[in-house]
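Undergrad: structure, please.
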Amino acid sequence: MLRAIRNRLRAIAPPVVFLALTYYFGWNAVHGKSGLEAQHVQQQQLDQANAQYKAAEAERLAWQTKIADLNGQSIQPDMLDEQARQVLNLANPQDMVIDLAPRKAD
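TA: Next up is the predicted model:
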C-alpha cells in the first residue's frame, strides 16, 4: 500500500511542479515588474511625457518668435510703439483721443 502511494506521488509530482512553474511565470508575465500591466502603465506615462514635451516645445517656439520680433531689424519701430501703447494702455501726448460713450442695449 505504501508502495502504491509512493508510485502515485512520483507520477503526480512532475506535472504539479510543471504547473506551479507555469503559473509562476505566467503570473509574472502579466502582473510582474516588467509584465504587461507595467508596460501599459509605462506607455501611458510616455504618452503623457510626450504631450508635455510637445506643449513645452510649442511654448518655446512662441517665445522664440516673440524674442525675434523684439530685434530691431525684424520689426518696424512704429509697430513696436503701437503694440507697447496697446499693452500698457497709454497714448502718445500728440495723439488725439476721443472718448465714446458706450451704447445702450435696446
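Undergrad: can you name the next helix or strand after the helix or strand hosting A49?
TA: Element membership for A49 (DSSP states H and E) is helix 36-70. Using DSSP H and E, the next helix or strand after helix 36-70 towards the C-terminus is helix 77-88.
Undergrad: what's in contact with that next one?
TA: 70, 90-92 (CB atoms under 8 Å, 6 or more residues apart in numbering). The C-beta positions use only the backbone N, C-alpha and C, and glycine is treated the same way.
Undergrad: list just the nearest of those residues to V41.
TA: L70 (43.7 Å; CB to CB).
Undergrad: per the record, what domains does this protein have?
TA: 1-31, 38-89 (automatic domain parsing).
Undergrad: and the residue nearest the centre of this protein?
TA: Q48 (2.7 Å; CA atoms, centre = their mean).
Undergrad: measure that residue to A55 for me?
TA: Counting by CB to CB, to the nearest Å, the gap from Q48 to A55 is 11 Å.
Undergrad: tell me what the helix holding A49 is packed against?
TA: Counting contacts by 3 or more CB pairs under 8 Å, 6 or more residues apart in numbering; DSSP states H and E, helix 36-70 is packed against helix 2-31.
Undergrad: one step back: and of the contacts of helix 77-88, the nearest to D99?
TA: A91 (11.4 Å).
Undergrad: what's the nearest residue to that closest one if we skip its chain neighbours?
TA: V97 (5.5 Å; CB to CB, 6 or more residues apart in numbering).
Undergrad: quick one on the thing from earlier: would you list the domains of the chain in a markdown table and tack on distance to A105 and mean pLDDT?
TA: Listed next are the domains of the chain as a markdown table, based on distance: least, CB to CB, whole Å; pLDDT from 0 to 100:
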| stretch | distance to A105 | mean pLDDT |
| --- | --- | --- |
| domain 1-31 | 64 | 90 |
| domain 38-89 | 25 | 86 |
